[in-house]
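[1] Sequence plus predicted model, see below.
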Amino acid sequence: MDHFQYRGDRLLAEDVDLGDIAARFGTPCYVYSAATLRRHYQVFDDALAGHPHLICYAVKANSNLAILGLLADLGSGFDIVSVGELERVLAAGGDPAKVVFSGVGKRADEMARALEAGIRCFNVESESELQRLNRVAGELGVIAPVSLRVNPDVDAGTHPYIATGLKENKFGIDIARAEAVYREAAALPHVAVVGADCHIGSQLTRLDPFRDAVSRMLALIDRLADQGITIRHLDVGGGLGITYRDETPPSPADYATAVRELVADRDLELLVEPGRVLVGNAGILLTRVELLKPGEHKNFAIVDAAMNDLLRPALYDAWQAIVPVDRSAGGNTRNWDVVGPVCETGDWLGRDRELSLAEGDLLAVRSAGAYGFAMASNYNSRPRPPELLVDGEAVHEVRSRETIADLMRGEQAVASLNAGLTAKGAKG
Ligand SMILES: Cc1ncc(COP(=O)(O)O)c(C=O)c1O
Ligand SMILES: N[C@@H](CCCC[NH3+])C(=O)O
């Protein structure tokens with residue numbers, strides 16, 4: 001259940017008409033629902049209750065400071081993949097002691113900053129990274145808490161671009177090597193082994209891959225215990241899918257029950273890194289139809305949002321629902337390709353959508369709270385859209401629309417660049 005529902009023929013974000021938001025803030029814009037976000041967090045947290053656990057929200061899914069602050073207030077921890085995400089978490093009031101740091105390419109300066117901030121754990125993804133972390137922690141005179149991110153070689157059954165737990169993926173340490181690397185870690189002076197970690201992919205719609213991964217991790221933890229290496233927490237990553245169209249992912253309760261059953265009798269804190277399942281359906285992208293271009297072969301509805309605002313359809317061929325803000329508006333009913341103004345054939349938000357459209361109509365692209373704004377770019381020199389957080393009747397502008405001046409900030413035209421050439425040309 002989310003809080004983007006029709007009242008009569010009008011689509012609302014909680015108690016606010018999306019038409020009013022468009023009139024106040026312009027389009028395109030991202031609109032998030034605080035109530036949906038709170039609810040999703042609570043459902044997930046309740047599902048894990050009874051077993052010691054920490055939710056570390058995957059910041060990459062949506063890193064707006066207001067979203068992070070709202071989750072921090074609810075007690076959430078955070079999974080970060082860069083020092084930029086760490087600074088965001090700290091700026092939003094997140095607790096560094098609840099932060100885990102994932103990612104295959106952590107730089108030394110990022111490690112140093114995270115150690116200085118006092119994060120909960122580094123999810124180390126290679127032997128080289130382990131050695132680097134040991135050196136950086138040594139230079140700072142501290143001990144780095146470490147989990148190894150293990151690649152358990154489990155097929156997540158998801159889009160190949162977002163599967164991460166197979167041998168051929170760049171992520172994690174091959175489970176066949178994991179024991180040796182744990183022994184190496186245990187012998188290093190400036191790291192302390194505290195946990196074990198895996199993350200097998202995103203938008204998973206079945207429980208079995210999770211069960212397989214957790215079982216393999218538990219077997220590894222047992223083998224490590226035999227060698228005197230104690231693992232205090234198991235981080236099972238994120239990846240639980242949502243319904244974009246007709247997917248039937250397990251509910252957070254089913255997911256949590258499956259994982260909890262496997263760890264029930266163990267003295268092992270459970271860490272989870274959900275992203276999409278918390279924020280995905282807590283956001284929409286609001287856009288306006290600019291121009292209609294019906295044709296013999298195809299009907300194009302050109303809207304003011306594009307792949308630079310929402311990349312998922314172009315990048316993964318992802319399907320996201322596109323619905324009218326006013327259901328009663330009687331326009332031209334056809335199968336429309338809803339496309340943006342960007343100069344790329346792949347710039348589409350939805351294809352073959354039966355919609356009744358007129359120029360000027362407002363449309364909402366659903367399930368855009370995760371990997372929406374977070375993946376937005378300035379391609380075609382398009383300013384990124386604003387982000388608005390609705391809470392009941394209140395609308396908070398939690399990020400304003402970029403300006404053209406923002407786009408050019410930091411750039412310099414170099415007046416003398418061609419001067420030499422011109423002078424040479426003149427001589428020759
Ligand atoms: C290490 C790690 N943790 C957590 C997540 C969050 O994934 P999701 O948004 O699918 O829950 C990701 C992204 O797939 C990730 O790479
Ligand atoms: N960006 C992806 C998910 C990537 C997950 C990152 N580990 C998506 O939109 O589905």
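    Perfect, thanks for sending it. Residues are numbered from 1 along each chain as shown. Ligands and ions are numbered 1, 2, ... in the order given.
[2] got a list of contacts for the longest helix anywhere in the chain?
    Ranked by residue count under DSSP state H, the longest helix found in the chain is helix 208-226. For helix 208-226, the external contacting residues (CB atoms under 8 Å, 6 or more residues apart in numbering) are 150, 152-157, 165, 175, 178-179, 182, 196, 198, 200-201, 204, 230-231, 234, 236, 239, 255, 258-259, 262-263, 266, 268. Quick note: C-beta positions are derived from backbone N, CA and C, even for glycine.
[3] Point me to the residue of this protein nearest ligand 2.
    Residue nearest to ligand 2 within the chain: residue 371 (3.1 Å; CB to the nearest ligand atom).
[4] so that residue sits right up against residue 61, yeah?
    Yes: assessed by CB atoms under 8 Å, residue 371 is found in contact with residue 61 at 5.9 Å.
[5] Please enumerate the shared neighbours of these two.
    Joint contacts of residue 371 and residue 61 (CB under 8 Å, 6+ apart) are 275, 276, 280.
[6] So what pairs up with residue 288 in the strands?
    residue 362 (DSSP bridges).
[7] That one: neighbour count?
    17 (other CB atoms under 10 Å).
[8] can you list the residues of the stretch 151-300 of the chain near ligand 1?
    199, 202, 203, 237, 238, 239, 240, 273, 274, 275, 276, 277 (CB under 6 Å from any ligand atom).
[9] ok so, going back, can you check the pLDDT for the residue of the chain closest to ligand 2?
    Looking at residue 371, its pLDDT is 98.
[10] what helix or strand is it on?
    Secondary structure assignment for residue 371, by DSSP states H and E: no helix or strand.
[11] That one: what's it in contact with?
    60, 61, 62, 275, 276, 280, 311, 312 are the contacts of residue 371 under CB under 8 Å, 6+ apart.
[12] repeat that with 7 Å
    61, 312 (CB atoms under 7 Å, 6 or more residues apart in numbering).
[13] what's the answer for residue 340, then?
    Here residue 340 is in contact with 303, 305, 306, 307, 347, 349 (CB under 7 Å, 6+ apart).
[14] any chance of the residues of the stretch 151-300 of the chain next to ligand 1 in TSV, plus pLDDT?
    Below are these laid out as TSV (pLDDT from 0 to 100):
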residue	pLDDT
199	95
202	94
203	96
237	97
238	97
239	96
240	97
273	98
274	98
275	98
276	98
277	98
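[15] Highest neighbour count among the shared contacts of residue 371 and residue 61?
    Going by other CB under 10 Å, residue 280 tops these with 28 neighbours.
[16] Could you verify my assumption that that residue touches residue 369?
    Yes: using CB atoms under 7 Å, residue 280 is in contact with residue 369, at 5.3 Å.
[17] buried sites along the helix or strand encompassing residue 115?
    Using DSSP H and E, residue 115 sits in helix 108-117. Using 16 or more other CB atoms under 10 Å as the test for burial, helix 108-117 gives 110, 111, 112, 113, 114, 115, 117.
[18] measure the fourth one to residue 60 for me?
    The spacing between residue 113 and residue 60, counted by CB to CB, to the nearest Å, is 18 Å.
[19] Quote the end-to-end distance of stretch 379-396.
    27 Å (CA to CA, to the nearest Å).
[20] ugh, wrong one, I meant stretch 99-112
    The straight-line separation of the ends of stretch 99-112 (CA to CA) is 14 Å.
[21] Check stretch 277-295 too.
    39 Å.
[22] ditto for stretch 334-351
    Across stretch 334-351, first to last residue, CA to CA, it's 12 Å.
[23] burial of residue 151, as a residue count?
    Neighbours of residue 151 (other CB under 10 Å): 26.
[24] residues contacting residue 101?
    The neighbours of residue 101, taking CB under 7 Å, 6+ apart as the test, are 80, 114, 119, 122, 123.
[25] right, I mislabeled it, should have said residue 32
    Counted by CB under 7 Å, 6+ apart, residue 32 has contacts 67, 282, 283, 369, 387, 388, 389, 390.
[26] So what sits opposite it in the bridge?
    Going by DSSP bridges, residue 32 forms beta bridges with residue 283, residue 389.
[27] Now do the closest residue in space to residue 33 that isn't next to it in sequence, the pLDDT please.
    Leaving out its chain neighbours, the residue that sits closest to residue 33 by CB to CB, 6 or more residues apart in numbering is residue 3, at 4.1 Å. At residue 3, the model reports a pLDDT of 94.
[28] again, but for residue 423
    67.
[29] which stretch of helix or strand covers residue 44?
    helix 34-48.
[30] Likewise for residue 54?
    strand 53-58.
[31] one step back: pull out the buried residues from the contacts of helix 208-226.
    Listed as buried from those are 150, 152-154, 156, 165, 175, 178-179, 182, 196, 198, 200-201, 204, 231, 234, 236, 239, 255, 259, 262-263, 268; burial here means 16+ other CB under 10 Å.
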